[in-house]
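[1] Next come a sequence and a model predicted from it.
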Amino acid sequence: MRPPLAGWLSRVLVGWHPRRWRQRYGEEMLDVLDQHHPTARTVASLGASALGAHLDPGWRTDRLSLSRLRRAALMSAVIAAPLALLLAPVGYGAWQDDHWHPAADEGLLSVAFSARTAVMVTAFGQAVDGTDVVWDVSDLGRPRRLSQFEGGQPTALSPDGRTVATVAFSGRTALWDVADPRHPAMIATLSVSDGDLLRGQAFSPDGQILAVAYYDRVFLWDVASPARPRLLRSLDLPVTPTPQALAGASDQVPFSPQDIAFSPGGSILAIATGTDQVTLWNVTDPARAYRLATLASPGDLTQALAFSPRGNLLAVLTSDGTVLVYSVADPARPARTATVRGLLARALYPDGQVLCNGCNPASYAVAFSPDGHTLTVVVDREEMNANSGRDTIFDWHVTSSGTLGGATAAGRDVADSQPFITPGDRAVLGSPSDSHAWHAWALP
Amino acid sequence: MHGKFDDLGRFADPSVLILTSLAGGPKHGYAIMTDVAGFSGVRMEPGTLYGALSRLERRGWVRPLSAGERRRPYEITGAGQEVLAGQVTAMQQIVAVARLRAATGWGA
C-alpha cells in the first residue's frame, strides 16, 4: 500500500471510532500518526481498533441513527473486503478439507463402519494419532463429512453406531462417543498393554463386549456402559513364534483391521494369533471365555478373517495369497472346506500381464455377501517405488457345505491402500494412487 | 538484532509491553511505541497501542498525566506495577523451564 493512501486511510479510520472514544484518544492518535509512517499494518490495526471500540459497550453511548448505521455498514464493508480477500484461500482450503482429507499423506489406513446408522469413521496414512473423520454414508456415492476428531486409528464401531474404538499413538484403546456424529467426544481409555503390538479390535454383535487383541493376549471388555468399561477377562494366545522372536520384526506384522472377528451370533471369537494361526474362543460367557480350537496353520501370516452371515463358515486369508474356508458349525472341531492358493499370481493388469515381480506386500480384505452365497476377496498390490496400485476383486460362489465354486476376478485401479469391504450395500473402499481421498466402488 | 524475532514478537501481549515501557518513566503514545520497539523489537501500531492503553487505563493500571494536551503522557500506577511484577514472575518461570528444556532436550 502506498504511504499517502495508508496515511489517509489511517486518519479516516480514527474518525470511525465511537464518538466518546474519539473525544478521549482521537487527538493523541492523530498526533502519533503524524510521527508514524503508516503502512497497511497501521490501517489494519486501526480498522480492528475501530471495530473493537464499537463492539465495546464502554464506548457505545451514541444514540442509534440512520446515518450512524450507514457509516457502520460502510466501515464493516471496508474492513471485511480486504479480510475476505485474505481469508479466501483459507476458506478454499476448508472447502477442500470437506472433500479431501487434510492429514492424508498416504492412503486410507483404517475404517470403522456402522451399517445400522450409516456412519463411517476413517483415518489416513501413518497419522496414527491423527485426525479421524466421521462421515454420513447413507449414500456411499455421496458421503457427507460430519465432523472430525483427534482420536487415532479407528478400528471398530459398535453395532448401534454410538461408540467407535480407536487406537491412539500410545497404543491405548480409546472409546469415542459418536452417538451425535457431529460432536464426537472421548468417553474412556482402556489402559492395558501399552506398547504391545495391537492386532485388532472388534465389538460383539450385541455391542456389550469389546475384544482388544494384542500380539499374544486378548482383553475382553464389558462396554455395556462405554464410559465405564470393565475388564472381564484376559486370554493368553498361543504364539508361534514367541513375542521375543517377533519383537525384532514387529514392523512385519502390521496392524490389520480384519485380524479379529465375532461370529454373527456372538458366541465365537476368532483371532489371528502369532503369525500363522487362528484360534477360536467360546465367548458365550465372556468372563469365562475359553479356547475351542486352533486352526491348522495356514502356512503364512494371517491377514484377514470373516465369518459367514450364518456363522457356520470362517474365511481366512494369508499374506501369500491363500484363501482358506473352515466349517465352524462345530467350533471345537473346525474342518477346512476349501483352499485356494495363488491369488497374488492371479492379480492381473487389464492386459493380462501378471502383477508383479517387485511388489510391496499386498493388502487384503475379505467378506461374505449378506446372503452368504458369495465370498469376496480384494487383493491390493502395489509395485515397489511406483504409484500404480491395483486391486483385484475375486468372487467365489459358496456352497452350503463351504466349498468354493468357480471364481470371477476383476481388476480395478481401486486403491493404493488397505482396501475395505463395507457391509450391507457392499462396496470396496480405498484411496486411489497419489490421492488424499477415499473412493467407494460398488461390488456387483 | 530483533529482526529475527519479529514474527514471535507480535504474539507478545501489548499490555505487558506498555506497562514495561511506562515502568521506566511516563511517556506519550509515540514514545511508548519507539521504546517498545527498542527493547522488544515489536513494532506496535497505533491501533494496537491505543486499544491496549484504553484497557489499561480503564483497569486503573495506567493514568494520563495532564488532560487537554494533544501529546498526553501516561504513567504506570501502583496497581499497574503490581500487575507487571506478577507478569514478570510468570514469565521468569516460563523462561526457567524453557532454558532447562532447551539445555536437556525435549521431553526432559
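    Now that the structure is in, tell me what you want to look at.
[2] Within range of chain A, give me the residues from chain B.
    Within chain B, the positions near chain A by Cβ under 8 Å from any Cβ of the partner chain are B:28-30, B:33, B:43, B:45-51, B:53-54, B:58, B:70-72. Quick note: C-beta positions are derived from backbone N, CA and C, even for glycine.
[3] Among these, which lie within strands?
    Here DSSP state E is the test, and the residues of chain B next to chain A give residue B:28 as lying in strands.
[4] Would you mind checking the residues of chain B next to chain A for buried ones?
    Listed as buried from those are B:28-30, B:33, B:43, B:45-51, B:53-54, B:72; burial here means 16 or more other Cβ atoms under 10 Å in any protein chain shown.
[5] Farthest pair within those residues?
    Farthest pair in those (Cβ to Cβ) is B:43 and B:72. Separation: 21.8 Å.
[6] that older thread, going by distance to residue A:279, which of the buried ones among the residues of chain B next to chain A wins?
    residue B:48 (66.7 Å).
[7] Return the residues of chain A in contact with chain B.
    Going by Cβ under 8 Å from any Cβ, the residues of chain A near chain B are A:10, A:13, A:21, A:24-25, A:27-29, A:31-33, A:35-36, A:41-42, A:44-50, A:52-53, A:58.
[8] Give me the buried entries from those.
    A:10, A:13, A:21, A:24-25, A:27-29, A:31-33, A:36, A:42, A:44-50, A:52-53.
[9] top helix in chain B by residue count?
    helix B:78-104 (DSSP state H).
[10] now it: mean pLDDT?
    In this model, helix B:78-104 has a mean pLDDT of 89.
[11] What is that helix packed up against?
    helix B:14-23 (3 or more Cβ pairs under 8 Å, 6 or more residues apart in numbering or on different chains; DSSP states H and E).
[12] Which secondary structure elements does the helix it packs on sit against?
    Right, helix B:14-23 is packed against helix B:29-40, helix B:46-58, strand B:62-64, strand B:73-76, helix B:78-104 by 3+ Cβ pairs under 8 Å, 6+ apart.
[13] Contact partners for residue 75?
    Just so you know, I chose chain A. Taking Cβ atoms under 8 Å, 6 or more residues apart in numbering or on different chains as the criterion, residue A:75 is in contact with A:16, A:47, A:50, A:51, A:54.
[14] please go with chain B instead
    B:22, B:25, B:26, B:62, B:63, B:65 are the contacts of residue B:75 under Cβ under 8 Å, 6+ apart.
[15] how close does it get to chain A?
    15 Å (Cβ to the nearest Cβ, to the nearest Å).
[16] bridging residues for that residue?
    Judged by DSSP bridges, the bridge partners of residue B:75 are residue B:63.
[17] Repeat that for residue A:214.
    residue A:198.
[18] Tally up the residues packed near it, please.
    19 (other Cβ atoms under 10 Å in any protein chain shown).
[19] isn't it right up against residue A:201?
    No: Residue A:214 is not in contact with residue A:201 according to Cβ atoms under 8 Å; the separation is 10.1 Å.
[20] Quick one: mean pLDDT over stretch A:154-165.
    Rounded mean pLDDT across stretch A:154-165 is 88.
[21] So which bits of that stretch are buried?
    Buried residues in stretch A:154-165 (16+ other Cβ under 10 Å): A:154, A:155, A:156, A:157, A:158, A:159, A:161, A:162, A:163, A:164, A:165.
[22] Likewise for stretch A:72-89?
    A:75, A:78, A:79.
[23] so the first one sits in a strand?
    By that I understand residue A:75. No: applying DSSP: H, G, I helix; E, B strand; the rest coil, one finds residue A:75 to be helix, outside a strand.
[24] quick one: pLDDT of it?
    80.
[25] what's the distance between the closest residue to residue A:307 other than its chain neighbours and residue A:314?
    Closest residue to residue A:307 apart from its sequence neighbours, by Cβ to Cβ, 6 or more residues apart in numbering or on different chains: residue A:263 at 4.9 Å. Applying Cβ to Cβ, to the nearest Å, the value for residue A:263 to residue A:314 is 8 Å.
[26] neighbour count winner among those two?
    residue A:314 (27 against 22).
[27] strand partners of the helix or strand containing the more buried one, parallel vs antiparallel please.
    Here residue A:314 sits within strand A:313-318, counting by DSSP states H and E. Paired strands of strand A:313-318, with direction, are strand A:302-307 (antiparallel), strand A:322-327 (antiparallel) (DSSP bridges).
[28] Return the last one as PDB; C-alpha atoms alone will do.
    Meaning strand A:322-327. Provided in PDB are the C-alpha atoms of strand A:322-327 (Å, rounded to 0.1, in the frame of the first residue of the first chain):
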ATOM      1  CA  THR A 322      -4.200 -68.100   0.000                       C
ATOM      2  CA  VAL A 323      -7.900 -68.300   0.900                       C
ATOM      3  CA  LEU A 324      -9.000 -71.000   3.400                       C
ATOM      4  CA  VAL A 325     -12.600 -71.700   4.400                       C
ATOM      5  CA  TYR A 326     -13.400 -73.600   7.500                       C
ATOM      6  CA  SER A 327     -16.600 -75.000   8.700                       C
END
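[29] Looks like the residue nearest to residue A:307 contacts residue A:306 (just checking).
    No: between residue A:263 and residue A:306 there is no contact under Cβ under 8 Å: 10.5 Å.
[30] which of the strands paired with strand A:313-318 is buried the deepest?
    Compared across these, strand A:302-307 shows the largest average neighbour count, a mean of 24 (mean count of other Cβ atoms under 10 Å in any protein chain shown).
[31] Show me the contact partners of it.
    Residues from elsewhere that reach strand A:302-307, judged by Cβ under 8 Å, 6+ apart: A:256-264, A:268, A:270-273, A:275-278, A:313-319, A:328, A:363-368.
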